[in-house]
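[1] below are the sequence and a predicted model; questions follow.
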Amino acid sequence: MSTLAQPSLSRSSHIDASNRGLSATGILRSEWIKLRSLRSTWWSFGIIVAIQVGLAVLIALTAVKPTGQLPADAATDAAISTISAGLLFGQLVIAVLGVLVISGEYSTGQIRSSFMAVPSRLPVLAAKAVVFAIATFVVGFASIVVSYLVTMPILAEAGVQANPGDPALWVRLAGAAGYLVLIGLVSFGIGAALRSTPGGIAASLGLLLVVPTVFQLISASWATTLVEWLPSSVGSGLFYWGGTFEPWQALLVMLGWVAVFIATAAVLMKRRDA
Amino acid sequence: MIEAQSLTKRYGQRTAVDAASFTVRPGKVTGLLGPNGAGKSTTMRMIVGLDRPTSGSVRVNGHFYAEHSAPLHEVGALLDAKAIHSGRSAYNHLLALGATHGIGAARVREVIDLTGLQAVAGKRVGGFSLGMGQRLGIAAALLGDPQTLILDEPINGLDPEGVLWVRGLLKHLAAEGRTILLSSHLMSEMAMTADHIIVFGRGRVIADAPVADIVGQGAVTSVRVSSPQAAELARLLAAPDVQITSASGSTLDVAGVSAATIGGVAASNGLVLHELTTVTGSLEEAYLRLTADEVEYHTQSVTPEVVR
């Protein structure tokens, strides 16, 4: 602190004149630096990996032995169900992180620095979403694949053998990682629209946990239909096949949810004073 | 160059900035001076596009801030110390900020050295003192080597060494031909740092002139005389254009006549003088006179009876 350089250093030779200005890759790199330089990111991803793998092993070890060899489809279903418990927890963690990556900027005032660097604002929102989605997919898919590989021999011992050469298995494992990403993005959109950490977390966990429970208590057919369209149930169609929605339909509905919240956030972000 | 035209910002019923028009020119330090709530910070936020003006406009180097393809190279701003994520290290904050413009680690280390943050660059910003936060804010403002610098209360929380450093840095940057705008509610600080002053009161520009003019405009030069024969001296000095007020029994404040004349009058009449001082109005007095009617939060003077 006591050694202050001479002001004459302010003219810099370290700014490349040919590379002056905002760029999409620059903003993406900035958001990646922001994401990896916060402890909350590492905690959240660490918890997701630990819970995902840990619960999968626990479920595989306690699985009831089927009577006789299962057909291949049923074996794949069994393999998927070992990872689904981890997803139930993982979705809560990713929802909180999704809110935090944007609401943390508002609560600390960082957003003003971000908007001064990128005054058109929306590229910040887009780059943040892209970087968060990619990181979540990589961590989610890795932890799900590890869960599958670790539980495979345990399940095989119990007579459940999902064929690792089956492309559908891998699509469903990727779908499970995609579920985490899309739930994270819904929460991100909520956090960006509300600009508050407690409000954003309450709203997104409410949407995931409370809203489905409330509507399940209403014994009307419209309530049942509504529950099927909520992110937590429609999203599970990405890895549990054969439900109300085809996998591609489930993906479209989930993308719709993401679009609604992020578009709302974008309109508000452009309009409001920072 | 910053040009504001009828810049206005309303929050509901309250008008924070009221049709402010001014120009901040390159090559000198311009001070934005005014009491708390006068609209200084709001004006600065509108310059860098964080707040949208209700009406009017402000341009930097001929364009709206958001129109610049490299805003950090045009304008560096320190708006308030709390514009940084507290969970991130100073180094990573600057690295992420610079990355948007393709500014790399070499320049980040350069501004860290320049602002004396080497020892704490790897620490999380949440643990920073106010002074370190200000230095980091200044580092961020300098990151893009900008032509224009906007600093809201830059010496807030700095130690005396830091204050001297900021003053020197700003003068140096202005001498390089850059445009410098800084705000303060400390008139003494402005007198030492700024070349030109824009005085805000309740959102309006109430003065816009070189420092010397602001001081001269509001200044009343008077002479303080102390003499055991004060009453006799007052009688001799009395004239239609001379105002004499008595500070105490033996001390007079005389306006409208020079110290030399008073000394001459005293000598030729054989009067003893204990003190003969020319008192020049300070920037502080000029400022208080200018803003007397414009202060939003008046304090009540505390009388001794109330204090007890």
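    Cool, the structure landed. Numbers count the residues shown, from 1 in each chain, chains lettered A, B, ... in the order given.
[2] surely B:Ala38 and B:Val205 touch.
    No: using C-beta atoms under 8 Å as the test, B:Ala38 is too far from B:Val205 to be in contact (10.0 Å). Backbone N, C-alpha and C define where each C-beta goes, glycine included.
[3] between the two, who's got more neighbours?
    Taking other C-beta atoms under 10 Å in any protein chain shown, B:Ala38 and B:Val205 do not tie; B:Ala38 has more neighbours (26 against 21).
[4] buried residues, the helix or strand containing B:Arg235. List them.
    For B:Arg235, the element it lies in under DSSP states H and E is helix B:230-237. Buried positions in helix B:230-237, judged by neighbour count with 16 or more other C-beta atoms under 10 Å in any protein chain shown: B:Ala230, B:Leu233, B:Ala234, B:Leu237.
[5] surely the third one meets B:Ile244?
    Yes: B:Ala234 sits in contact with B:Ile244 when judged by C-beta under 8 Å, with a separation of 5.2 Å.
[6] let me know the pLDDT of B:Ala83.
    At B:Ala83, the predicted lDDT confidence score is 89.
[7] tell me how many other residues crowd the nearest residue to B:Lys123 once chain neighbours are set aside.
    Nearest non-adjacent residue to B:Lys123, counting by C-beta to C-beta, 6 or more residues apart in numbering or on different chains: B:Ser89, 6.0 Å away. By the criterion of other C-beta under 10 Å, B:Ser89 has 18 neighbours.
[8] phi, psi of B:Ser89?
    Reported as degrees, to the nearest 10, the phi and psi values for B:Ser89 are phi -80, psi 160.
[9] show me what contacts it?
    B:Ser89 makes contacts with A:Ser37, B:Ala121, B:Gly122, B:Lys123, B:Arg124, B:Val125, as judged by C-beta atoms under 8 Å, 6 or more residues apart in numbering or on different chains.
[10] A:Met269 touches A:Pro119, doesn't it?
    No: at 12.0 Å, A:Met269 and A:Pro119 do not qualify as touching, with contact defined as C-beta under 8 Å.
[11] before we move on, back to that, of the contacts of B:Ser89, closest to B:Asp80?
    Using C-beta to C-beta, B:Val125 is the member of the contacts of B:Ser89 that lies nearest B:Asp80, at 13.5 Å.
[12] can I assume that closest one is in contact with B:His85?
    Yes: the pair B:Val125 / B:His85 is scored as a contact, 7.0 Å apart, by C-beta under 8 Å.
[13] now do the shared contacts for these two.
    The contact lists of B:Val125 and B:His85 share B:His93, where a contact means C-beta under 8 Å, 6+ apart.
[14] is the residue nearest to B:Lys123 in a bridge, and if so with what?
    Note on B:Ser89: beta-bridge partners B:Arg124, judged by DSSP bridges.
[15] so which residues of the chain form helices?
    No chain specified, so I'll use chain A. Ranges of helices in chain A, per DSSP state H, are A:24-36, A:39-61, A:72-108, A:110-117, A:122-157, A:167-194, A:197-205, A:211-217, A:221-229, A:231-236, A:247-271.
[16] actually it's chain B I care about, not the one you picked
    Ranges of helices within chain B are B:40-47, B:71-74, B:90-99, B:105-114, B:130-142, B:160-175, B:187-193, B:211-218, B:230-237, B:259-268, B:283-291, B:304-307, based on DSSP H.
[17] export the first one to CSV, keeping only CA atoms.
    Read it as helix B:40-47. Provided in CSV are the C-alpha atoms of helix B:40-47 (Å, rounded to 0.1, in the frame of the first residue of the first chain):
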residue,chain,number,x,y,z
LYS,B,40,-24.0,15.4,-8.4
SER,B,41,-24.0,11.6,-8.3
THR,B,42,-27.2,11.3,-10.4
THR,B,43,-25.6,13.6,-13.0
MET,B,44,-22.5,11.3,-13.1
ARG,B,45,-24.7,8.2,-13.4
MET,B,46,-26.5,9.7,-16.3
ILE,B,47,-23.2,10.6,-18.1
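[18] what's the neighbour count on the spatially closest residue to B:Leu130 that is not a sequence neighbour?
    Using C-beta to C-beta, 6+ apart and skipping residues adjacent in sequence, the residue nearest B:Leu130 is B:Gly157, 3.1 Å away. Using other C-beta under 10 Å, B:Gly157 has 16 other residues around it.
[19] distance check, B:Gly157 against chain A.
    Relative to chain A, B:Gly157 is positioned 13 Å away (C-beta to the nearest C-beta, to the nearest Å).
[20] state the pLDDT value of that residue.
    So B:Gly157 comes in at 82 (pLDDT).
[21] I figured it hits B:Gly131, correct?
    Yes: with contact defined as C-beta under 8 Å, B:Gly157 reaches B:Gly131; the gap is 4.7 Å.
[22] identify the residue spatially nearest to A:Ala133, adjacent ones excluded.
    The shortest distance from A:Ala133 to any residue other than its chain neighbours is 5.0 Å, reached at A:Val181 (C-beta to C-beta, 6+ apart).
[23] wait, what's in contact with the residue nearest to B:Leu130?
    Here B:Gly157 is in contact with B:Ala81, B:Ser129, B:Leu130, B:Gly131, B:Gly133, B:Gln134 (C-beta under 8 Å, 6+ apart).
[24] burial check on the closest residue to A:Ile33 other than its chain neighbours, number of neighbours?
    Among residues not flanking A:Ile33 along the chain, B:Ala96 sits closest, at 4.1 Å (C-beta to C-beta, 6+ apart). Neighbour count for B:Ala96, taken as other C-beta under 10 Å: 25.
[25] distance of B:Ala96 relative to A:Ser30?
    5 Å (C-beta to C-beta, to the nearest Å).
[26] and the helices of chain B as a markdown table, adding distance to A:Gly140 and mean pLDDT?
    Shown next, in a markdown table, are these (distance: least, C-beta to C-beta, whole Å; pLDDT from 0 to 100):
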| stretch | distance to A:Gly140 | mean pLDDT |
| --- | --- | --- |
| helix B:40-47 | 39 | 94 |
| helix B:71-74 | 34 | 94 |
| helix B:90-99 | 24 | 97 |
| helix B:105-114 | 30 | 95 |
| helix B:130-142 | 34 | 92 |
| helix B:160-175 | 46 | 90 |
| helix B:187-193 | 53 | 80 |
| helix B:211-218 | 61 | 72 |
| helix B:230-237 | 89 | 87 |
| helix B:259-268 | 83 | 90 |
| helix B:283-291 | 59 | 70 |
| helix B:304-307 | 66 | 43 |
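[27] between the two ends of stretch B:146-159, how far is it?
    Length of stretch B:146-159, first residue to last, C-alpha to C-alpha, to the nearest Å: 25 Å.
[28] please apply the same query to stretch B:253-266.
    Terminal-residue distance, stretch B:253-266 (C-alpha to C-alpha): 15 Å.
[29] name the residues that touch it?
    Contacts for stretch B:253-266 (C-beta under 8 Å, 6+ apart): B:220-225, B:227, B:233, B:236-237, B:239, B:241-247, B:271-273, B:276-279.
[30] mind running it again at 7 Å?
    Stretch B:253-266 has contacts (C-beta atoms under 7 Å, 6 or more residues apart in numbering or on different chains) with B:220, B:222-225, B:227, B:233, B:236-237, B:241-245, B:247, B:273, B:276, B:278.
[31] buried stuff in that stretch?
    Buried, per 16+ other C-beta under 10 Å, within stretch B:253-266: B:Val254, B:Gly256, B:Val257, B:Ala259, B:Ile262, B:Ala266.
[32] likewise stretch A:191-200?
    A:Gly191, A:Ala192, A:Ala193, A:Leu194, A:Arg195, A:Thr197, A:Gly200.
[33] those residues: which two are farthest apart?
    A:Ala193 and A:Thr197 (13.1 Å).
[34] for B:Arg135, what are its contacts?
    By C-beta under 7 Å, 6+ apart, B:Arg135 lies in contact with B:Thr115, B:Gly116, B:Leu117, B:Gly162.
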